[in-house]
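Novice: Dropping a prediction and its sequence here:
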Amino acid sequence: MDSTKKYVIRRDGEYLVSLPYEDTLCVRWSVYRFDAYKFWRYSTARRVADLFNAGVYVLDTLTGVVS
């Protein structure tokens with residue numbers, strides 16, 4: 001995968017922005033794809049997505065296309 005393509009997690013039209021800190025249980029989601037946390041490895045993104053029953057998608061950071 002080239003350096004402009006990253007993995008993002010999407011569920012119900014929203015993108016995972018951040019995971020909870022140890023002292024909170026708040027998971028943040030955003031409708032904006034560029035807010036999404038960008039994973040380098042598919043295996044890591046898949047493992048996190050499984051926790052939320054979500055999908056893993058490829059985001060081209062140059063064009064903004066999610067596929």
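Specialist: Sure thing, it's come through.
Novice: Tell me which residues touch residue 52, please.
Specialist: Neighbouring residues of residue 52 by CB atoms under 8 Å, 6 or more residues apart in numbering: 9, 11, 16, 27. Every C-beta, even on glycine, is put in place using the N, C-alpha and C of the backbone.
Novice: Looking at the residues you listed, spot the one nearest residue 60.
Specialist: Minimum distance to residue 60 across the contacts of residue 52 is 15.9 Å, recorded for residue 9 (CB to CB).
Novice: ok so, going back, out of the contacts of residue 52, which end up buried?
Specialist: When those are checked for burial by 16 or more other CB atoms under 10 Å, the buried set is 9, 16.
Novice: May I see the contacts of residue 52 arranged in TSV, with secondary structure, distance to residue 46 and pLDDT as well?
Specialist: Below are the contacts of residue 52 laid out as TSV (DSSP: H, G, I helix; E, B strand; the rest coil; distance: CB to CB, whole Å; pLDDT from 0 to 100):
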residue	secondary structure	distance to residue 46	pLDDT
9	strand	9	97
11	strand	13	96
16	strand	12	94
27	coil	17	82
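Novice: Need the contacts of residue 52 in a markdown table (columns: distance to residue 43).
Specialist: A markdown table is the format used below for the contacts of residue 52 (distance: CB to CB, whole Å):
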| residue | distance to residue 43 |
| --- | --- |
| 9 | 13 |
| 11 | 19 |
| 16 | 16 |
| 27 | 20 |
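Novice: Just the closest of the contacts of residue 52 to residue 54, please.
Specialist: residue 11 (3.6 Å).
Novice: in the sheet, who's paired with that closest one?
Specialist: Counting by DSSP bridges, residue 11 forms beta bridges with residue 14.
Novice: my guess is residue 30 contacts residue 13, does it?
Specialist: No - contact criterion CB atoms under 8 Å: residue 30 and residue 13 do not qualify, at 10.4 Å.
Novice: Neighbour count for the two, which is higher?
Specialist: residue 30 (14 against 7; other CB atoms under 10 Å).
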